[in-house]
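# No sequence on hand, only this structure:
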């Protein structure tokens, strides 16, 4: 399961990096995400997220039980140490998986919002330019046209301010994605360390089992 989580997390990080930079590949990814959110897609994604969240809660609960047992006994046997290390790693990876999924969803949402507002702003500018150039001019409705021009200008200003706000949010999301990438590198190092500790603990456990079995055989003889 840990290997599968690492594969999925690497794929999510690749999607985040693709969404952060304007490339032809980002258009394909956005189209894929748009199709994924149609029909039963959102229900399936919510079901998957809920399942992962339940597994995360189960891992946290197991960690708390082992910690409580260590506090009660003032000692932690090698088996519990291996189980604790594994559940800590699983909980970290599951939380990271959910966070990256949320990051991808928010990036996709912001990119769509920015595109939509840009289109609306361009339409408003074209209409405003048409009014100013006299392309839409009726002598009897000059006053009405001026009011429409003023309304369109205010809408353009509003759209520009909203676009600037969305750009700031996107920059914040990019900064969070870079921080997450650095954090994932730390998780990889921690995973290597936990694997090494796991091997050492397994070796100690096997040695302890061999000694116990050897001492038992001596007593029987």
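Right, received. Where do you want to start? In this text, all values refer to a predicted model and were calculated from it rather than measured experimentally. Numbers count the residues shown, from 1 in each chain.
# State which helix of this structure is the longest.
helix 142-220 (DSSP state H).
# What is that helix packed up against?
Where contact means 3 or more C-beta pairs under 8 Å, 6 or more residues apart in numbering; DSSP states H and E, helix 142-220 is packed against helix 2-20, helix 78-133. C-beta coordinates here come from the backbone N, C-alpha and C atoms, glycine included.
# export these to a markdown table and tack on distance to residue 29?
Formatted as a markdown table, these follow (distance: least, C-beta to C-beta, whole Å):
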| stretch | distance to residue 29 |
| --- | --- |
| helix 2-20 | 5 |
| helix 78-133 | 8 |
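# For residue 49, find the nearest of these.
Minimum separation from residue 49 across the helices and strands packed on helix 142-220 (C-beta to C-beta) falls at helix 78-133, 6.5 Å.
# ok so, going back, any idea of the angle the longest helix of the chain forms with helix 2-20?
Counting by axes from the mean of the first three to the mean of the last three C-alpha atoms, to 10 degrees, helix 142-220 lies at 160 degrees to helix 2-20.
# related to what we said a few turns ago, out of the helices and strands packed on helix 142-220, which gets nearest to residue 28?
Closest to residue 28 of the helices and strands packed on helix 142-220 is helix 2-20 (C-beta to C-beta; 8.7 Å).
# any idea of the mean pLDDT in that closest one?
Per-residue pLDDT values over helix 2-20 give a mean of 85.
# list the buried ones in it?
The neighbour-count check on helix 2-20 (16 or more other C-beta atoms under 10 Å) flags 5-6, 8-9, 12-13, 15-16, 18-20 as buried.
# I'd like to know which elements it is packed against.
Judged by 3+ C-beta pairs under 8 Å, 6+ apart, helix 2-20 is in contact with helix 24-36, helix 78-133, helix 142-220.
# With mean neighbour count and distance to residue 63 added, can I get those in JSON lines?
Formatted as JSON lines, the helices and strands packed on helix 2-20 follow (neighbours: other C-beta atoms under 10 Å; distance: least, C-beta to C-beta, whole Å):
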{"stretch": "helix 24-36", "mean neighbour count": "13", "distance to residue 63": "33"}
{"stretch": "helix 78-133", "mean neighbour count": "16", "distance to residue 63": "5"}
{"stretch": "helix 142-220", "mean neighbour count": "13", "distance to residue 63": "13"}
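# mind putting those in TSV, mean pLDDT and distance to residue 49 included?
Below are these laid out as TSV (pLDDT from 0 to 100; distance: least, C-beta to C-beta, whole Å):
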stretch	mean pLDDT	distance to residue 49
helix 24-36	84	13
helix 78-133	83	6
helix 142-220	78	17
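# Would you mind giving the ones you listed as CSV with distance to residue 51 added?
Converted to CSV, the helices and strands packed on helix 2-20 look like this (distance: least, C-beta to C-beta, whole Å):
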stretch, distance to residue 51
helix 24-36, 17
helix 78-133, 10
helix 142-220, 21
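# Would you convert the buried residues of helix 2-20 into TSV that also reports distance to residue 107?
As requested, these are exported to TSV (distance: C-beta to C-beta, whole Å):
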residue	distance to residue 107
5	21
6	21
8	17
9	16
12	11
13	12
15	9
16	7
18	10
19	4
20	7
